[in-house]
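Participant: Sharing a sequence plus its predicted fold:
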Amino acid sequence: MASTIKTLNLNTDFRRAYKRGKVYTSPALVSYVTKNRAGICRIGITTSKKIGNAVERNRSRRVIRAAYRAVAPYTGGGWDIVFVARSKTKYLKSTQLEPIILKHLEQAGVINR
RNA sequence: UAAGCGGACUGGGCAGCUGCGGCAGCAGGGACUUAUCACCCCUGCGCUGAGGAAAGUCCGGGCUUCACAGAGCAGGAUAACGGCUAACGGCCGCCGAGGGUGACCUUAGGGAAAGUGCAACAGAGAUAUACCGCCUGCCUUUUGGCAGGUAAGGGUGGAAAGGCGAGGUAAGAGCUCACCGGCGUGCAGGAGACUGCACGGCCCUGCAAACCCUAUCCGAAGCAACAUCGAGCGGAGUGGCUUGCUCGGCCCAUACUCCAACGGAUGGCGUGAGCCCUGCGGCAACGCAGAGCCAAGAAAGAUAGUUGCCUUAAACGACAGAACCCGGCUUACAGGUCCGCUUGUGUU
RNA sequence: GCCCUAAUAGCUCAGUCGGUAGAGCACGCGGCUGUUAACCGCGGUGUCACAGGUUCGAGUCCUGUUUGGGGCG
(Lines give C-alpha, C1' and ligand atoms only; values in the text may rest on other atoms or scores of the structure.)
Protein backbone atom coordinates (compact mmCIF):
# COMPACT_ATOMS: atom_id res chain seq x y z
CA MET A 1 0.00 0.00 0.00
CA ALA A 2 1.02 3.58 -0.49
CA SER A 3 1.70 4.91 2.97
CA THR A 4 1.43 8.58 2.04
CA ILE A 5 -1.85 9.86 0.74
CA LYS A 6 -1.61 11.81 -2.49
CA THR A 7 -3.54 15.05 -2.34
CA LEU A 8 -5.15 17.33 -4.85
CA ASN A 9 -4.03 20.90 -4.64
CA LEU A 10 -4.86 22.48 -8.00
CA ASN A 11 -8.04 24.43 -8.45
CA THR A 12 -8.63 22.80 -11.88
CA ASP A 13 -8.69 19.33 -10.31
CA PHE A 14 -11.35 20.45 -7.87
CA ARG A 15 -13.40 22.07 -10.60
CA ARG A 16 -13.19 18.91 -12.74
CA ALA A 17 -14.41 16.81 -9.82
CA TYR A 18 -17.32 19.16 -9.17
CA LYS A 19 -18.28 19.31 -12.85
CA ARG A 20 -17.77 15.74 -14.11
CA GLY A 21 -17.65 13.65 -10.93
CA LYS A 22 -20.46 11.66 -9.41
CA VAL A 23 -21.95 13.06 -6.19
CA TYR A 24 -22.82 11.08 -3.07
CA THR A 25 -24.32 12.94 -0.12
CA SER A 26 -24.94 12.21 3.55
CA PRO A 27 -25.80 14.56 6.42
CA ALA A 28 -22.16 14.75 7.49
CA LEU A 29 -20.26 14.49 4.21
CA VAL A 30 -20.45 15.07 0.45
CA SER A 31 -18.19 13.09 -1.91
CA TYR A 32 -17.30 13.83 -5.54
CA VAL A 33 -15.63 10.92 -7.37
CA THR A 34 -14.06 10.98 -10.83
CA LYS A 35 -11.53 8.81 -12.71
CA ASN A 36 -7.99 9.99 -13.38
CA ARG A 37 -5.13 8.69 -15.51
CA ALA A 38 -2.52 8.56 -12.73
CA GLY A 39 -3.42 5.03 -11.68
CA ILE A 40 -3.54 5.93 -7.97
CA CYS A 41 -6.16 7.46 -5.74
CA ARG A 42 -5.82 11.12 -4.86
CA ILE A 43 -8.07 12.99 -2.42
CA GLY A 44 -8.94 16.59 -1.73
CA ILE A 45 -10.77 18.02 1.26
CA THR A 46 -12.87 21.18 1.23
CA THR A 47 -13.85 22.94 4.43
CA SER A 48 -15.64 26.19 3.75
CA LYS A 49 -16.05 29.14 6.07
CA LYS A 50 -19.60 28.01 6.78
CA ILE A 51 -18.23 25.10 8.85
CA GLY A 52 -16.88 27.39 11.55
CA ASN A 53 -13.67 29.02 12.70
CA ALA A 54 -10.15 27.79 12.01
CA VAL A 55 -10.15 25.25 14.85
CA GLU A 56 -13.39 23.64 13.70
CA ARG A 57 -12.26 23.55 10.06
CA ASN A 58 -8.97 21.88 11.04
CA ARG A 59 -10.87 19.37 13.16
CA SER A 60 -13.14 18.48 10.25
CA ARG A 61 -10.18 17.97 7.91
CA ARG A 62 -8.39 15.72 10.41
CA VAL A 63 -11.42 13.55 11.00
CA ILE A 64 -11.99 13.10 7.27
CA ARG A 65 -8.34 12.29 6.68
CA ALA A 66 -8.22 9.76 9.54
CA ALA A 67 -11.37 8.04 8.32
CA TYR A 68 -10.04 7.84 4.76
CA ARG A 69 -6.75 6.41 6.01
CA ALA A 70 -8.62 3.50 7.57
CA VAL A 71 -10.41 2.87 4.27
CA ALA A 72 -7.52 3.54 1.88
CA PRO A 73 -6.03 -0.01 1.75
CA TYR A 74 -9.22 -1.33 0.11
CA THR A 75 -9.22 1.16 -2.78
CA GLY A 76 -8.13 0.22 -6.25
CA GLY A 77 -7.64 1.96 -9.58
CA GLY A 78 -7.10 5.60 -10.40
CA TRP A 79 -9.63 7.94 -8.84
CA ASP A 80 -9.80 11.57 -7.74
CA ILE A 81 -12.00 11.97 -4.68
CA VAL A 82 -13.06 15.32 -3.19
CA PHE A 83 -14.64 15.31 0.25
CA VAL A 84 -16.66 18.35 1.30
CA ALA A 85 -17.24 18.77 5.02
CA ARG A 86 -20.64 19.83 6.28
CA SER A 87 -21.53 21.54 9.52
CA LYS A 88 -22.11 18.23 11.34
CA THR A 89 -18.67 16.83 10.51
CA LYS A 90 -16.85 18.54 13.36
CA TYR A 91 -19.02 16.77 15.96
CA LEU A 92 -18.30 13.24 14.62
CA LYS A 93 -15.48 10.83 15.40
CA SER A 94 -13.51 9.24 12.61
CA THR A 95 -14.96 5.82 13.49
CA GLN A 96 -18.42 7.22 12.87
CA LEU A 97 -17.34 8.68 9.53
CA GLU A 98 -15.70 5.46 8.27
CA PRO A 99 -18.90 3.60 7.25
CA ILE A 100 -20.15 6.72 5.43
CA ILE A 101 -17.01 6.95 3.31
CA LEU A 102 -17.11 3.19 2.74
CA LYS A 103 -20.68 3.41 1.51
CA HIS A 104 -19.92 6.33 -0.84
CA LEU A 105 -16.88 4.66 -2.35
CA GLU A 106 -18.68 1.33 -2.82
CA GLN A 107 -21.46 3.14 -4.67
CA ALA A 108 -18.85 4.84 -6.87
CA GLY A 109 -17.07 1.57 -7.61
CA VAL A 110 -13.79 2.56 -6.05
CA ILE A 111 -14.00 -0.31 -3.62
CA ASN A 112 -14.92 -3.78 -4.95
CA ARG A 113 -15.92 -6.54 -2.60
C1' U B 1 -18.62 32.77 58.88
C1' A B 2 -21.49 36.06 55.06
C1' A B 3 -20.97 39.79 51.42
C1' G B 4 -17.29 42.21 48.74
C1' C B 5 -12.43 44.61 46.78
C1' G B 6 -7.56 44.08 44.53
C1' G B 7 -3.59 41.01 42.50
C1' A B 8 -1.14 36.52 40.65
C1' C B 9 -1.48 31.61 38.44
C1' U B 10 -3.73 27.43 35.83
C1' G B 11 -6.34 26.23 31.07
C1' G B 12 -5.14 18.29 32.84
C1' G B 13 -1.14 14.37 33.28
C1' C B 14 0.98 9.37 32.02
C1' A B 15 1.26 4.91 28.96
C1' G B 16 0.21 1.38 24.57
C1' C B 17 -1.06 0.68 19.21
C1' U B 18 -2.11 2.92 14.10
C1' G B 19 -0.67 7.77 11.55
C1' C B 20 1.43 13.46 10.39
C1' G B 21 5.18 18.29 9.91
C1' G B 22 10.40 19.79 10.81
C1' C B 23 15.68 18.87 12.01
C1' A B 24 20.55 17.18 11.78
C1' G B 25 23.24 12.47 12.53
C1' C B 26 23.66 7.16 11.74
C1' A B 27 22.14 2.69 8.96
C1' G B 28 19.81 0.61 4.52
C1' G B 29 17.82 1.26 -0.41
C1' G B 30 16.82 4.04 -5.03
C1' A B 31 18.00 7.62 -8.85
C1' C B 32 22.15 10.15 -11.51
C1' U B 33 27.18 8.65 -13.48
C1' U B 34 31.73 4.83 -17.62
C1' A B 35 32.62 4.42 -12.14
C1' U B 36 33.13 6.63 -6.95
C1' C B 37 31.90 10.88 -3.71
C1' A B 38 28.62 15.05 -3.04
C1' C B 39 23.63 16.92 -4.14
C1' C B 40 18.43 14.69 -4.59
C1' C B 41 14.34 10.93 -3.17
C1' C B 42 12.40 6.86 0.16
C1' U B 43 12.48 3.81 4.81
C1' G B 44 13.97 2.94 10.06
C1' C B 45 16.15 4.84 14.72
C1' G B 46 16.71 9.71 17.69
C1' C B 47 15.17 14.82 19.06
C1' U B 48 11.20 18.16 18.56
C1' G B 49 6.15 20.09 17.29
C1' A B 50 0.42 26.08 18.77
C1' G B 51 -1.87 30.25 22.76
C1' G B 52 -3.16 33.19 27.12
C1' A B 53 -5.31 35.30 24.23
C1' A B 54 -1.89 32.41 18.63
C1' A B 55 -7.84 36.47 17.69
C1' G B 56 -9.23 41.85 16.39
C1' U B 57 -5.27 44.32 13.34
C1' C B 58 -6.18 49.37 17.37
C1' C B 59 -1.11 51.71 18.72
C1' G B 60 4.45 51.45 19.05
C1' G B 61 9.17 49.36 17.31
C1' G B 62 12.77 45.95 14.74
C1' C B 63 13.60 44.41 9.58
C1' U B 64 13.13 45.35 4.07
C1' U B 65 12.42 48.48 -0.14
C1' C B 66 11.38 53.22 -2.17
C1' A B 67 18.48 58.52 -6.11
C1' C B 68 19.55 56.70 1.43
C1' A B 69 15.31 60.67 3.51
C1' G B 70 16.01 67.76 2.24
C1' A B 71 12.47 72.48 2.88
C1' G B 72 7.43 74.36 3.17
C1' C B 73 2.12 73.51 3.19
C1' A B 74 -1.71 70.14 4.03
C1' G B 75 -3.01 65.91 7.08
C1' G B 76 -2.83 62.79 11.44
C1' A B 77 -1.86 61.54 16.68
C1' U B 78 -1.29 62.75 21.90
C1' A B 79 -2.67 66.17 26.17
C1' A B 80 -2.34 67.57 34.62
C1' C B 81 2.80 66.31 36.70
C1' G B 82 7.31 63.11 37.51
C1' G B 83 9.47 58.64 35.85
C1' C B 84 10.19 53.61 33.01
C1' U B 85 11.17 52.02 28.01
C1' A B 86 14.06 50.54 21.72
C1' A B 87 9.36 53.13 21.29
C1' C B 88 4.26 54.01 22.45
C1' G B 89 -1.89 56.46 22.59
C1' G B 90 1.43 51.48 27.03
C1' C B 91 3.05 50.79 32.24
C1' C B 92 4.40 52.73 37.32
C1' G B 93 4.09 56.58 40.95
C1' C B 94 1.64 60.95 42.22
C1' C B 95 -1.96 65.41 41.89
C1' G B 96 -6.91 67.18 40.82
C1' A B 97 -12.21 65.79 39.95
C1' G B 98 -16.27 62.14 40.67
C1' G B 99 -18.37 57.56 43.18
C1' G B 100 -18.43 54.02 47.49
C1' U B 101 -19.60 53.02 55.03
C1' G B 102 -14.89 50.82 53.46
C1' A B 103 -11.08 47.78 50.90
C1' C B 104 -10.98 50.39 46.41
C1' C B 105 -12.83 52.01 41.60
C1' U B 106 -13.61 55.57 37.32
C1' U B 107 -11.30 59.62 34.75
C1' A B 108 -9.41 61.91 26.06
C1' G B 109 -7.89 65.73 32.84
C1' G B 110 -4.19 71.80 28.32
C1' G B 111 -6.62 76.64 26.66
C1' A B 112 -13.67 79.34 26.69
C1' A B 113 -10.03 86.42 30.00
C1' A B 114 -6.89 85.26 21.29
C1' G B 115 -10.88 84.83 17.82
C1' U B 116 -15.18 82.51 15.07
C1' G B 117 -19.43 79.45 15.77
C1' C B 118 -23.62 76.62 18.16
C1' A B 119 -27.33 76.47 22.36
C1' A B 120 -33.49 73.42 18.70
C1' C B 121 -38.36 73.44 21.48
C1' A B 122 -40.06 76.01 25.73
C1' G B 123 -39.50 80.75 27.97
C1' A B 124 -40.45 87.88 28.86
C1' G B 125 -35.27 87.09 28.34
C1' A B 126 -29.79 82.40 26.19
C1' U B 127 -25.12 86.43 27.18
C1' A B 128 -28.42 90.16 27.77
C1' U B 129 -33.58 90.73 29.99
C1' A B 130 -38.43 92.12 32.69
C1' C B 131 -44.09 88.20 31.45
C1' C B 132 -46.57 87.48 36.24
C1' G B 133 -44.89 90.02 40.55
C1' C B 134 -43.06 93.68 44.67
C1' C B 135 -42.54 99.06 45.78
C1' U B 136 -43.01 104.57 44.93
C1' G B 137 -45.37 108.79 42.40
C1' C B 138 -49.47 110.75 39.36
C1' C B 139 -54.50 110.05 37.24
C1' U B 140 -59.17 107.57 38.19
C1' U B 141 -65.58 106.62 41.98
C1' U B 142 -63.79 101.53 41.50
C1' U B 143 -61.86 97.59 38.34
C1' G B 144 -57.58 99.79 36.60
C1' G B 145 -54.09 103.04 33.49
C1' C B 146 -49.33 105.79 32.89
C1' A B 147 -44.17 106.87 34.51
C1' G B 148 -40.14 105.16 37.39
C1' G B 149 -37.35 101.80 40.79
C1' U B 150 -36.19 96.53 41.68
C1' A B 151 -34.78 91.31 40.66
C1' A B 152 -36.37 88.54 46.61
C1' G B 153 -40.47 85.11 44.79
C1' G B 154 -43.44 82.41 40.46
C1' G B 155 -43.14 80.06 35.67
C1' U B 156 -39.75 77.84 31.20
C1' G B 157 -35.28 75.31 30.48
C1' G B 158 -29.73 71.07 30.68
C1' A B 159 -28.18 76.06 31.96
C1' A B 160 -31.39 82.43 34.22
C1' A B 161 -25.58 85.52 36.26
C1' G B 162 -21.84 83.26 42.53
C1' G B 163 -24.52 79.70 46.91
C1' C B 164 -26.70 80.10 51.83
C1' G B 165 -27.82 82.95 56.29
C1' A B 166 -28.01 87.76 58.75
C1' G B 167 -28.15 93.05 58.44
C1' G B 168 -30.21 96.69 55.41
C1' U B 169 -34.43 98.98 52.44
C1' A B 170 -40.30 102.22 50.05
C1' A B 171 -39.42 97.33 47.75
C1' G B 172 -34.91 95.18 46.78
C1' A B 173 -29.96 94.01 45.24
C1' G B 174 -22.32 91.70 47.19
C1' C B 175 -25.41 97.28 48.88
C1' U B 176 -22.67 95.47 53.72
C1' C B 177 -20.93 91.22 56.79
C1' A B 178 -19.78 85.71 58.34
C1' C B 179 -18.94 80.83 55.98
C1' C B 180 -18.23 78.23 51.30
C1' G B 181 -16.86 78.29 45.84
C1' G B 182 -14.18 80.97 41.95
C1' C B 183 -10.31 84.83 40.37
C1' G B 184 -5.76 87.69 41.43
C1' U B 185 -1.34 88.79 44.56
C1' G B 186 2.17 87.36 48.34
C1' C B 187 4.49 83.76 51.70
C1' A B 188 5.61 78.56 53.08
C1' G B 189 6.12 73.22 51.60
C1' G B 190 7.18 69.98 47.24
C1' A B 191 11.36 67.57 41.77
C1' G B 192 6.63 69.13 39.76
C1' A B 193 1.38 68.99 38.96
C1' C B 194 -0.40 71.00 43.37
C1' U B 195 -1.46 71.90 48.61
C1' G B 196 -1.83 75.18 53.02
C1' C B 197 -2.16 80.22 55.06
C1' A B 198 -2.90 85.58 54.61
C1' C B 199 -4.75 89.75 51.90
C1' G B 200 -7.57 92.09 47.95
C1' G B 201 -11.36 93.80 44.64
C1' C B 202 -16.33 91.99 44.21
C1' C B 203 -17.23 87.29 40.09
C1' C B 204 -16.72 86.15 34.70
C1' U B 205 -22.80 80.36 31.31
C1' G B 206 -21.94 75.60 28.75
C1' C B 207 -19.83 73.09 24.40
C1' A B 208 -13.06 72.55 22.07
C1' A B 209 -14.84 63.54 21.23
C1' A B 210 -17.43 72.21 16.93
C1' C B 211 -13.66 75.13 14.00
C1' C B 212 -9.46 76.61 16.36
C1' C B 213 -4.94 78.09 19.60
C1' U B 214 -0.62 76.15 22.41
C1' A B 215 3.14 72.20 23.31
C1' U B 216 5.29 67.53 21.62
C1' C B 217 5.69 63.72 17.80
C1' C B 218 5.05 61.55 12.72
C1' G B 219 8.54 60.52 5.11
C1' A B 220 5.71 56.22 2.82
C1' A B 221 4.60 51.24 2.19
C1' G B 222 4.51 46.54 3.97
C1' C B 223 7.38 39.42 4.30
C1' A B 224 1.73 38.64 -1.07
C1' A B 225 7.78 43.67 1.55
C1' C B 226 12.15 42.43 -0.72
C1' A B 227 16.69 39.67 -2.73
C1' U B 228 18.95 35.83 -5.87
C1' C B 229 18.47 32.10 -9.71
C1' G B 230 15.64 29.93 -13.76
C1' A B 231 11.86 30.00 -17.79
C1' G B 232 10.15 33.60 -21.19
C1' C B 233 12.54 37.69 -24.18
C1' G B 234 5.69 38.08 -26.68
C1' G B 235 1.79 42.34 -27.08
C1' A B 236 0.16 47.53 -25.74
C1' G B 237 1.30 52.34 -23.73
C1' U B 238 4.44 56.29 -21.72
C1' G B 239 9.38 59.61 -19.81
C1' G B 240 9.69 57.75 -14.80
C1' C B 241 10.82 57.92 -9.29
C1' U B 242 10.70 60.84 -4.78
C1' U B 243 3.21 56.74 -2.31
C1' G B 244 -1.39 64.06 -0.61
C1' C B 245 0.59 69.00 -2.98
C1' U B 246 4.67 72.51 -4.24
C1' C B 247 9.85 73.46 -4.46
C1' G B 248 14.32 71.04 -4.67
C1' G B 249 16.74 66.44 -6.08
C1' C B 250 17.73 61.67 -8.73
C1' C B 251 17.62 57.94 -12.78
C1' C B 252 17.72 57.30 -17.78
C1' A B 253 15.43 54.06 -23.10
C1' U B 254 19.15 47.42 -21.39
C1' A B 255 13.90 52.80 -18.20
C1' C B 256 8.82 52.54 -16.21
C1' U B 257 3.56 50.84 -16.27
C1' C B 258 -0.25 47.35 -17.86
C1' C B 259 -1.81 42.52 -20.16
C1' A B 260 -0.75 37.26 -21.04
C1' A B 261 2.21 33.42 -18.61
C1' C B 262 5.98 29.44 -16.07
C1' G B 263 -0.42 28.64 -11.38
C1' G B 264 8.62 28.46 -11.25
C1' A B 265 12.41 27.56 -7.28
C1' U B 266 15.34 29.18 -3.14
C1' G B 267 16.39 32.71 0.53
C1' G B 268 13.89 36.17 3.85
C1' C B 269 12.48 32.04 8.41
C1' G B 270 13.92 31.16 13.82
C1' U B 271 19.93 33.24 19.08
C1' G B 272 15.77 36.93 20.09
C1' A B 273 14.62 44.36 23.15
C1' G B 274 14.59 35.38 24.10
C1' C B 275 13.19 32.05 28.47
C1' C B 276 14.32 30.94 33.50
C1' C B 277 16.82 31.13 38.60
C1' U B 278 19.57 33.94 42.23
C1' G B 279 21.54 38.52 44.19
C1' C B 280 21.68 43.96 44.31
C1' G B 281 19.39 49.15 43.41
C1' G B 282 14.38 51.43 43.18
C1' C B 283 7.78 52.72 46.78
C1' A B 284 6.87 50.72 41.78
C1' A B 285 7.10 50.24 36.40
C1' C B 286 12.02 48.75 35.57
C1' G B 287 17.42 48.45 35.54
C1' C B 288 22.29 45.99 36.56
C1' A B 289 25.37 41.53 37.54
C1' G B 290 26.12 36.19 37.56
C1' A B 291 24.73 30.85 36.48
C1' G B 292 21.76 27.69 33.24
C1' C B 293 18.73 26.57 28.58
C1' C B 294 17.87 26.57 22.88
C1' A B 295 12.13 25.48 22.78
C1' A B 296 7.27 25.09 15.77
C1' G B 297 8.83 27.13 11.03
C1' A B 298 4.42 24.74 7.28
C1' A B 299 2.84 26.21 1.92
C1' A B 300 -4.34 22.91 0.19
C1' G B 301 -0.95 24.20 5.02
C1' A B 302 1.43 19.35 10.31
C1' U B 303 -1.18 17.29 16.99
C1' A B 304 -5.67 12.82 14.57
C1' G B 305 -8.02 7.99 15.78
C1' U B 306 -8.53 4.42 19.64
C1' U B 307 -7.78 2.00 24.57
C1' G B 308 -6.46 2.09 29.71
C1' C B 309 -4.88 4.40 34.33
C1' C B 310 -4.20 8.69 37.74
C1' U B 311 -5.34 13.65 40.02
C1' U B 312 -10.34 15.77 40.46
C1' A B 313 -16.77 17.77 42.26
C1' A B 314 -16.26 17.03 36.91
C1' A B 315 -11.76 16.55 32.56
C1' C B 316 -16.31 14.14 26.19
C1' G B 317 -17.17 19.35 27.45
C1' A B 318 -14.59 27.26 27.92
C1' C B 319 -12.58 30.74 24.31
C1' A B 320 -9.90 29.21 20.52
C1' G B 321 -4.95 27.25 15.62
C1' A B 322 1.57 30.22 14.81
C1' A B 323 2.18 32.14 9.04
C1' C B 324 8.47 37.69 9.47
C1' C B 325 9.33 38.89 14.71
C1' C B 326 8.76 41.60 19.37
C1' G B 327 6.36 45.44 23.39
C1' G B 328 1.41 46.81 24.64
C1' C B 329 -3.99 47.66 24.20
C1' U B 330 -8.84 45.65 23.18
C1' U B 331 -12.20 41.68 22.72
C1' A B 332 -13.72 36.09 23.90
C1' C B 333 -13.37 32.51 27.93
C1' A B 334 -16.15 26.38 31.38
C1' G B 335 -13.96 25.19 35.76
C1' G B 336 -10.16 25.56 39.49
C1' U B 337 -5.96 27.35 42.88
C1' C B 338 -3.21 30.90 45.86
C1' C B 339 -2.09 35.70 48.30
C1' G B 340 -3.37 40.47 50.52
C1' C B 341 -7.34 43.55 52.27
C1' U B 342 -12.46 45.78 53.71
C1' U B 343 -17.34 45.77 56.03
C1' G B 344 -20.88 43.04 58.99
C1' U B 345 -22.16 38.94 62.38
C1' G B 346 -20.80 35.16 66.10
C1' U B 347 -17.27 33.12 69.86
C1' U B 348 -13.01 33.86 73.14
C1' G C 1 -1.44 36.90 5.95
C1' C C 2 -1.81 42.25 4.82
C1' C C 3 -4.48 46.81 3.12
C1' C C 4 -9.07 49.50 2.06
C1' U C 5 -14.47 50.25 2.40
C1' A C 6 -19.64 50.04 3.79
C1' A C 7 -24.11 49.05 7.10
C1' U C 8 -30.68 54.06 7.35
C1' A C 9 -38.34 51.68 5.52
C1' G C 10 -39.77 45.13 2.35
C1' C C 11 -35.99 47.03 -2.07
C1' U C 12 -32.75 51.15 -4.22
C1' C C 13 -30.78 55.36 -2.01
C1' A C 14 -30.78 60.98 0.37
C1' G C 15 -29.88 63.10 5.17
C1' U C 16 -24.49 69.65 5.05
C1' C C 17 -22.30 72.70 10.45
C1' G C 18 -25.41 67.73 16.32
C1' G C 19 -31.88 69.90 17.49
C1' U C 20 -37.70 64.64 17.30
C1' A C 21 -36.29 60.79 9.80
C1' G C 22 -37.06 61.86 3.97
C1' A C 23 -37.60 60.45 -1.93
C1' G C 24 -38.98 56.66 -5.59
C1' C C 25 -40.81 51.66 -6.13
C1' A C 26 -43.44 48.06 -3.35
C1' C C 27 -47.55 47.41 0.66
C1' G C 28 -52.50 48.35 3.28
C1' C C 29 -57.42 50.93 3.18
C1' G C 30 -61.17 53.70 0.43
C1' G C 31 -63.02 55.36 -4.52
C1' C C 32 -63.73 54.29 -9.95
C1' U C 33 -65.35 49.27 -12.76
C1' G C 34 -69.81 43.86 -13.86
C1' U C 35 -64.35 42.13 -12.20
C1' U C 36 -58.98 42.87 -12.48
C1' A C 37 -55.03 46.08 -14.03
C1' A C 38 -54.16 51.23 -14.71
C1' C C 39 -55.79 55.88 -12.39
C1' C C 40 -57.39 59.19 -7.96
C1' G C 41 -57.25 60.06 -2.48
C1' C C 42 -55.36 58.68 2.45
C1' G C 43 -51.77 56.05 5.56
C1' G C 44 -47.99 53.37 8.91
C1' U C 45 -43.56 52.06 6.83
C1' G C 46 -37.85 52.60 11.04
C1' U C 47 -34.55 50.14 18.42
C1' C C 48 -30.74 54.59 11.78
C1' A C 49 -26.09 46.90 12.39
C1' C C 50 -24.88 46.34 17.97
C1' A C 51 -22.68 48.20 22.80
C1' G C 52 -20.41 52.07 25.69
C1' G C 53 -18.79 57.39 26.02
C1' U C 54 -18.76 63.14 25.05
C1' U C 55 -23.04 66.51 25.09
C1' C C 56 -28.83 69.52 27.80
C1' G C 57 -29.57 66.43 23.25
C1' A C 58 -26.39 61.91 18.96
C1' G C 59 -28.42 58.75 12.28
C1' U C 60 -24.37 62.58 12.58
C1' C C 61 -18.73 63.24 17.03
C1' C C 62 -15.20 59.39 19.69
C1' U C 63 -14.03 54.12 21.13
C1' G C 64 -14.97 48.90 20.84
C1' U C 65 -17.83 44.63 18.59
C1' U C 66 -20.56 42.05 14.54
C1' U C 67 -21.68 41.30 9.43
C1' G C 68 -20.99 42.23 4.18
C1' G C 69 -18.02 43.98 -0.22
C1' G C 70 -13.29 45.04 -2.80
C1' G C 71 -7.92 44.86 -3.62
C1' C C 72 -2.50 43.03 -2.97
C1' G C 73 2.03 37.79 -5.86
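Facilitator: Cool, got the structure.
Participant: wait, does stretch A:83-98 make contact with RNA strand B?
Facilitator: Yes - using C-beta under 7 Å from any atom of the strand, we find that stretch A:83-98 touches RNA strand B at A:93-95. Placement of C-beta: from N, CA and C, glycine included.
Participant: Off-centre distance for that stretch?
Facilitator: How far stretch A:83-98 lies from its chain's middle: 11 Å, per C-alpha atoms, centre = their mean, to the nearest Å.
Participant: Helix or strand with the lowest mean pLDDT in chain A?
Facilitator: Least confident helix or strand of chain A, by mean pLDDT, DSSP states H and E, is strand A:6-7 with a mean of 71.
Participant: And that strand, what does it pack against?
Facilitator: Judged by 3 or more C-beta pairs under 8 Å, 6 or more residues apart in numbering; DSSP states H and E, strand A:6-7 is in contact with strand A:42-46.
Participant: Quick one: mean pLDDT over the strand it packs on.
Facilitator: Strand A:42-46 carries an average pLDDT of 81.
Participant: Filter the residues of stretch A:83-98 next to RNA strand B down to just the ones in strands.
Facilitator: Judged by DSSP state E, strands contain none of the residues of stretch A:83-98 next to RNA strand B.
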